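1. sequence? don't have it. structure:
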């Protein structure tokens, strides 16, 4: 039996590398995000998908009506599965325009003092989280139609809007 041990001339090495990343509007990225229903609650703004809850113009309520919504209530869970002005399912759709099948889920970096927002599959009702992502979304397959679940438990009432960033993650499954 022979054993060879190397005695290198260095204990660590560092090399500088450059990385170039191109970003694209949501409609042209590897993971394409499209609004659904016409833009009351979801819209493309400057190339980015933006949600407005309860909506920019909840015009289905007459003015001076005491049931006219001004926002979400406290200590509640809401599901928005379609736009206010249309009956098309989903607030948005996700299409895989990449080169590999992916599983999709949402994350929210900060939930302390703000509503917790999670996307869900409107066809199954399943929340799409890191521990429970979507089923495999193949390259060029039918889009995944999604809604938003918003949890306001423990969130204080305030006059100004909450600005919440939701990250939509796509993880390659390795299956072709």
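-> Received, thanks. Just so it is clear, the structure is predicted and the values come from calculations on it, not from any experiment. Numbering: from 1, shown residues only.
2. Flag the shaky bits of this structure, pLDDT-wise.
-> The chain contains residues with pLDDT under 70 at 1-28, 38-39, 54-70, 84-85, 175-176.
3. Which strands and helices lie in contact with the lengthiest strand in the chain?
-> For the chain, the longest strand by residue count, based on DSSP state E, is strand 144-151. Packing partners of strand 144-151 (3 or more CB pairs under 8 Å, 6 or more residues apart in numbering; DSSP states H and E): strand 77-80, strand 92-96, strand 116-121. (C-beta placed from N, C-alpha, C; glycine too.)
4. Please list all residues in contact with residue 138.
-> 96, 101 (CB atoms under 8 Å, 6 or more residues apart in numbering).
5. what about the helices in this protein?
-> Assigned by DSSP state H, the chain shows no helices.
6. related to what we said a few turns ago, can you tell me what sits against the longest strand of the chain?
-> 36, 51, 53, 72, 76-82, 89-95, 104, 115-123, 127-128, 134, 137, 166.
7. returning to that earlier point: compare the helices and strands packed on strand 144-151 and give me the one nearest residue 173.
-> strand 92-96 (10.5 Å; CB to CB).
8. Run me through the strand neighbours of that closest one, direction for each.
-> strand 31-35 (antiparallel), strand 144-151 (antiparallel) (DSSP bridges).
9. returning to that earlier point: next, the angle strand 116-121 makes with the longest strand of the chain.
-> 150 degrees (axes from the mean of the first three to the mean of the last three CA atoms, to 10 degrees).
10. and residue 121, what does it touch?
-> Here residue 121 is in contact with 128, 134, 144-146 (CB under 8 Å, 6+ apart).
11. now, among those residues, which is nearest to residue 30?
-> When the contacts of residue 121 are ranked by distance to residue 30 (CB to CB), residue 144 comes first, at 14.0 Å.
12. Once you drop chain neighbours, what's closest to the closest one?
-> residue 94 (4.5 Å; CB to CB, 6 or more residues apart in numbering).
13. List the beta-bridge partners for that neighbour.
-> Bridge pairing for residue 94 - DSSP bridges - gives residue 33, residue 144.
14. picking that back up, do you know which of the helices and strands packed on strand 144-151 lies nearest residue 155?
-> strand 116-121 (8.3 Å).
15. Buried subset of the contacts of strand 144-151, written for ChimeraX?
-> To isolate the buried members of those in ChimeraX, using 16 or more other CB atoms under 10 Å:
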select :36,51,53,72,80,81,82,89,90,91,92,93,94,95,104,115,116,117,118,119,120,121,122,127,128,134,137
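16. Residue 112: neighbour count?
-> Neighbour count of residue 112, defined by other CB atoms under 10 Å: 7.
17. Quick check: beta-bridge partners of residue 119?
-> Beta bridges link residue 119 to residue 148, judged by DSSP bridges.
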